[in-house]
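Asks: Predicted coordinates and the sequence they were generated for:
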Amino acid sequence: VQLQASGGGLVQAGGSLRLSCAASGRTFSTYAMGWFRQAPGKERVFVARITWSDGRQYYADSVKGRFTISRDNAKNTVYPQMNSLKPEDTAVYYCAAISSLGSTYDYWGQGTLVTVSS
């Protein structure tokens, strides 16, 4: 499974940005897609997750109410919509795929940089 993330960029605080992550290859073997982020000098942390089958979503407390993750099964693509962005949302965002329920994130895409200016 290959994951291609895109959509990062520079945005002002309070603005919005939509990322995307397209999966290719053995996509039928994946259960869910997640997003993580890593701010400068900090560890990579979980942001959000969505399952392919029923669209069930999970969010980190830090983004609840501001971020919404959706998926397009026909395109094997996941879209985190990020609203009301804050400078502390600045990070490299990574998408990742879980192969099966109970598994860890087995596949990772390259990061895409999101910079939120104050």
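Replies: Thanks, I have it. Owing to the predicted nature of the structure, the values given are computational and were not obtained by experimental measurement.
Asks: Endpoints of stretch 95-106, how far apart?
Replies: Length of stretch 95-106, first residue to last, Cα to Cα, to the nearest Å: 11 Å.
Asks: my bad, should have said stretch 73-88
Replies: 31 Å.
Asks: next one: stretch 84-94
Replies: 20 Å.
Asks: Only the buried residues of that stretch, if you could.
Replies: 85, 89, 90, 91, 92, 93, 94 (16 or more other Cβ atoms under 10 Å). (Each C-beta comes from the backbone N, C-alpha and C, glycine too.)
Asks: of the residues you listed, closest to residue 64?
Replies: residue 89 (12.9 Å; Cβ to Cβ).
Asks: right, and the closest one touches residue 115 too?
Replies: No: applying Cβ atoms under 8 Å as the test, residue 89 and residue 115 come out as separate, 9.1 Å apart.
Asks: Point me to the residue sitting closest to the centre of the chain.
Replies: With distances taken as Cα atoms, centre = their mean, residue 35 lies nearest the centre of the chain, 2.9 Å away.
Asks: Right, I'll leave it there.
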